[in-house]
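Colleague: A structural model of the following input is requested.
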Amino acid sequence: MKTKWFIYSVAGMLLLGLGLSFLGEAILYKSNDDFNWFYWGTAALTTFNAGIGLVGEAIVLKVKMRFNEKQQ
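Modeller: Residues are numbered from 1 along each chain as shown. Coordinates of the predicted model:
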């Protein structure tokens, strides 16, 4: 369970950073009146939200691990 928590937390943080990087690209495209901002923005939205989901799942796993430790 610790390995699963570690993978979720690291992958989630990486996706959050990637989503923010995509957002920066979308802002640059939009400031140049290039319609590709829409595609970059969509990619930013999906990767950032996926990162939030994975970090949330990592938090749930961490709480379960601590709860199991206290019961033993």
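
Colleague: list the buried ones in stretch 17-34?
Modeller: Using 16 or more other Cβ atoms under 10 Å as the test for burial, stretch 17-34 gives 18-19, 22-23, 25-26, 29. Quick note: C-beta positions are derived from backbone N, CA and C, even for glycine.

Colleague: what about that stretch, distance to the chain center?
Modeller: Mean-position distance between stretch 17-34 and its chain equals 17 Å (Cα atoms, centre = their mean, to the nearest Å).

Colleague: now it: mean pLDDT?
Modeller: Stretch 17-34 carries an average pLDDT of 97.

Colleague: nearest the middle, which residue of the chain would you pick?
Modeller: Residue closest to the mean C-alpha point of the chain, counted by Cα atoms, centre = their mean, is Gly51 at 1.3 Å.

Colleague: mind checking how far it is from Tyr39?
Modeller: According to Cβ to Cβ, to the nearest Å, Gly51 and Tyr39 sit 19 Å apart.

Colleague: over to Leu28?
Modeller: 13 Å.

Colleague: circling back: element containing the residue nearest to the centre of the chain, please.
Modeller: When elements are assigned from DSSP states H and E, Gly51 belongs to helix 37-71.

Colleague: what packs against that helix?
Modeller: On a contact count with 3 or more Cβ pairs under 8 Å, 6 or more residues apart in numbering; DSSP states H and E, helix 37-71 meets helix 2-31.

Colleague: SS state for Asp34?
Modeller: coil (DSSP: H, G, I helix; E, B strand; the rest coil).

Colleague: so it versus Thr3, what's the distance?
Modeller: 42 Å.

Colleague: if I pick Glu25, what's in contact with it?
Modeller: Applying Cβ atoms under 8 Å, 6 or more residues apart in numbering, we find Glu25 in contact with 40, 44.

Colleague: repeat that for 6 Å
Modeller: Counting by Cβ atoms under 6 Å, 6 or more residues apart in numbering, Glu25 touches Trp40.

Colleague: ok, and the closest non-adjacent residue to Thr47?
Modeller: Gly19 (3.9 Å; Cβ to Cβ, 6 or more residues apart in numbering).
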